[in-house]
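Participant: Whatever this is, show me its structure:
(chains A and B, ligands or ions: 2)
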Amino acid sequence: MYKYDPIDQQIVNERVAQYRDQVRRYITGELSEDEFRPLRLQNGLYIQRHAPMLRIAVPYGLLASRQLRKLAEITKKYDRGYGHFSTRQNMQLNWPKLEDTPDILAELATVQMHSIQTSGNCIRNITTDQFAGIAPDEIIDPRAIAEIMRQWSTFHPEFALLPRKFKIAVSGTEKDRAIVQAHDIGLEFYKDDQGQMAIKVWVGGGLGRTPILGSVIREHLEWQHVLSYCEAIIRVYNIHGRRDNIFKARIKILVKALGIEEFKRQVEEEWAHTKNGPLTITQTELDRVAQYFEPMPYETLPAHDASFDAAVASNPAFAAWVKRCVHGHRVPGYRAVTLSLKPHGKAPGDITSEQMHVVADLADAYSFGELRSSHEQNVILADVKLSDLYAVWEKARAAGLATPNIGLLTDIICCPGGDFCSLANAKSIPIAEAIQIQFDDLDYLYEIGEIELNISGCMNACGHHHVGHIGILGVDKDGSEWYQVTIGGKQGKDASIGTVIGPSFSAEEMPSVVQKLIEVFIRERYADERFIDTVRRLGVAPFKAHVYAEQKQGAVA
Amino acid sequence: MSNLIRLNADGVAEIVEDQWLRVIPPAAAEETVRKQAGKVVMFKLTGETAYTPEQIANTVIPATGNILVPLPVWQVRKDELQARLAAGEVGIILATHESVEALQAEFPDLNALPLIAVFVERFADGRIFTLGNWLRTRFGYKNELRAIGDVLRDQLFFHKRSGFNSFLVRADRSAQEAIASLNDFSQPYQGAVNDVPVWRRVNRT
Ligand code: HEM
Ligand code: SF4
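Facilitator: Ligands and ions are numbered 1, 2, ... in the order given. Model prediction:
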């Protein structure tokens, strides 16, 4: 992974000093609340229900074991012994003290980490596929460009105070796992006719209260121009994006208002002035950064391993885990492993300090000392030998990290919701937990098969409910908590936004509502059809009929 | 004590006396809200107030000295100011919702102006940075470019990199303290006005 040189290190060190002084001025009253807000946000610090929340950047989801150990130490020392992986691959601390945050950042800087631009109206952490570099379906590893873009966007002087936050995702695979279409800018890497790395550029996607999938602004962009082209897009947005209404300030609203053709015209006109200028990425710079993303020093291994095959054959629990949590790898004899942070009945994405140490040890022993976080809020060991899988499983299982539910109904994406977040309409974690308990039967989960259930506590959509096959959204009705249900959302290249099935439900009803949706699916599905495909084939009607029919009978005035 | 910071010819920041008098139209009789200027008129209603004809007519313009005139006032009253422009006594204030094109329509050679000030009403309005960039790059403006209005210490570094070379710090803050923030970072990553990306600036290999 990328390693800091003295220049990178100096920038994070100078940031710590700058931020420490900002906190000092805030505490002494030299900075008003309003003045401090954007400054702390650009350092990932929210003020929440119980305490501030600090969001630490995990650039494109890549972590070294020593970084995770540092996070374990920090969560122990400054927080309550756990952290939370977010849907943008970052780590969040729920209980730090404001006065401690400069020290936390100083500690992070010692392991080449920071929380720069993890929040605020600026360019945020760039996200990508958790299997970048190793996925069998990968065409281009986008991480070198992602790192170049991380550096370019860090303290970008012109884009420090945009109308609203700005999220960029990159992906270079056949199957998009980074939801590029749901980002302000989505960069889809591919090889063009000449065999050169090229980019299809999406713009104006986003979830939140107005979910919109992006539009293609450029089919073919040479990689050398990615910075100047993105600058042109963001410059047009910075000038013309709305600043009067926070709910209409995202770039998606501007793109919709102008139409993609007019927006593109303005961007291309702007780009004409800067294309081929100093922002053009040189081969030397690409090579410098790309050397950090070279393939790992893999051993030459046979495609099969007898001890592994034997363990799968004789141990059903191990076999179940392999089926759900072990993924293909482009190098023979290797696999990627997802460590599930979705044990039934626990807050999705939470990881304790002790578990962090276990994961760091596993990474050192079995996966070249590196790991990744995914937007599904799990942790990945990307390079495990077949022959080591059994040992990894045993250790992960002992630490509660081997729930074999990846991609299944209980692998829920869930925002912090009303337990932590002051914007929430409703709690989300207890709903996730209740659903996990309701479906705490692995055989049944396997029968249901692949399905994505996403929960957000309000329309800001941190839990990506719009693109969940089943989406649950917390809504407020006369001061009490209700839940609206959508089905048919999907991430990926054929992304779609879910459809609301009808009036909302109380928290107690939610597990049985999900149960009923599943019943219709089991009744109607063809052979091995996935839930999403059944919904796409049949539409919402049969699901709606079943969920509300029984409800009506039960609901006696 | 002056609150004006200016970079001298060597790029070193100094606190200097302000030689310019800002021309401020009188308060409006009643609030008028108008549609946003620029290209995207059809959907934008950003609530920025425009000066009424009465306000502009009633604006008191000092008879002598260097004056900083809001663009809308100049547009209406330029006849009475031509001689002073020629004498180098007129600078223009561009508000963040106004366009550089509108300014250039008035001054085909922007370098006829010794000073352009960009007025930012709320510090969080990042349009000021793009305006600075455009003035310096696409429009080739070379003279003094000043940030005025809600100008605070924690944005100065960005103002500087966006092409500003003078900064009128908000009156209730100390320019003396703010000046340090112009050097918050010694080797920024990205290119900016008059600067190239770090990989073209130093050898990182
Ligand atoms: C608890 C404190 C949090 C607060 C106050 C918060 C606030 C917000 C707000 C206001 C938005 C909507 C912005 C907009 O659409 O313009 C948003 C979006 C989002 N948040 Fe959070 N959030 C919090 C925690 C989280 C967490 C823990 C995650 C990850 C699990 C997360 C992931 C996201 C994502 C992915 C979006 C993007 C939706 C989109 O593309 O529009 N947030 N958040
Ligand atoms: S979706 Fe709403 S409730 Fe959930 S974290 Fe985001 S802002 Fe808070």
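Participant: any idea how far the residue of chain B found nearest chain A lies from A:Arg80?
Facilitator: Chain A sits closest to B:Gly126 of chain B, with a gap of 3.1 Å, by Cβ to the nearest Cβ. C-betas here are computed from N, CA, C, even on glycine. Distance, B:Gly126 to A:Arg80, by Cβ to Cβ, to the nearest Å: 36 Å.
Participant: what does A:Ala424 give?
Facilitator: Shown here: A:Ala424 relative to A:Arg80, a distance of 20 Å by Cβ to Cβ.
Participant: quick one, what contacts the residue nearest in space to the middle of chain A?
Facilitator: In chain A, the centroid-proximal residue (Cα atoms, centre = their mean) is A:His375; its distance is 2.5 Å. Counting by Cβ atoms under 8 Å, 6 or more residues apart in numbering or on different chains, A:His375 makes contact with A:Gly61, A:Thr87, A:Arg88, A:Gln89, A:Thr127, A:Gln130, A:Ala178, A:Ile179, A:Ile413, A:His464.
Participant: Is A:Ile532 within a helix or a strand, and which one?
Facilitator: Using DSSP states H and E, A:Ile532 sits within helix A:531-538.
Participant: who does that helix touch, helix- and strand-wise?
Facilitator: helix A:510-524 (3 or more Cβ pairs under 8 Å, 6 or more residues apart in numbering or on different chains; DSSP states H and E).
Participant: Mind checking which of A:Ala424 and A:Arg80 has more residues around it?
Facilitator: For A:Ala424 versus A:Arg80, neighbours defined as other Cβ atoms under 10 Å in any protein chain shown are more numerous around A:Ala424 (23 against 14).
Participant: Assumed the more buried one was part of a helix.
Facilitator: No. A:Ala424 is assigned coil when assessed by DSSP: H, G, I helix; E, B strand; the rest coil, not a helix.
Participant: Now it: phi and psi?
Facilitator: Torsion angles at A:Ala424 (phi, psi; degrees, to the nearest 10) stand at phi -60, psi 140.
Participant: what do you get for A:Ile470?
Facilitator: Dihedral pair for A:Ile470: phi -120, psi 130, per degrees, to the nearest 10.
Participant: Show the contacting residues for it.
Facilitator: A:Ile451, A:Glu452, A:Leu453, A:Asn454, A:Val485, A:Thr486, A:Ile487, A:Gly498, A:Val514, A:Leu517, A:Phe531.
Participant: Number of residues surrounding the fourth one?
Facilitator: Which is A:Asn454. Using other Cβ under 10 Å, A:Asn454 has 31 neighbouring residues.
Participant: Assumed it was part of a helix.
Facilitator: No. Using three-state DSSP, the assignment for A:Asn454 is strand, not a helix.
Participant: Next one: residue 86, what pLDDT does it get?
Facilitator: No chain was given, so I picked chain A. We have a pLDDT of 86 for A:Ser86.
Participant: right idea, wrong chain: chain B
Facilitator: You'll see B:Ala86 listed with a pLDDT of 95.
Participant: For ligand 2, see how far away it is.
Facilitator: Distance of B:Ala86 to ligand 2, computed by Cβ to the nearest ligand atom, to the nearest Å: 57 Å.
Participant: And B:Ala83, by the same measure?
Facilitator: Applying Cβ to the nearest ligand atom to B:Ala83 and ligand 2 gives a distance of 59 Å.
Participant: Ranking by neighbours, what's the top pick from the contacts of A:Ile470?
Facilitator: Greatest neighbour count in the contacts of A:Ile470, by other Cβ under 10 Å, goes to A:Asn454: 31 neighbours.
Participant: How many neighbouring residues does the nearest residue to that one once chain neighbours are set aside have?
Facilitator: Excluding the flanking residues, the one nearest A:Asn454 by Cβ to Cβ, 6 or more residues apart in numbering or on different chains is A:Gly468, at 3.1 Å. Neighbour count for A:Gly468, taken as other Cβ under 10 Å: 27.
Participant: A:Asp476 now?
Facilitator: 13.
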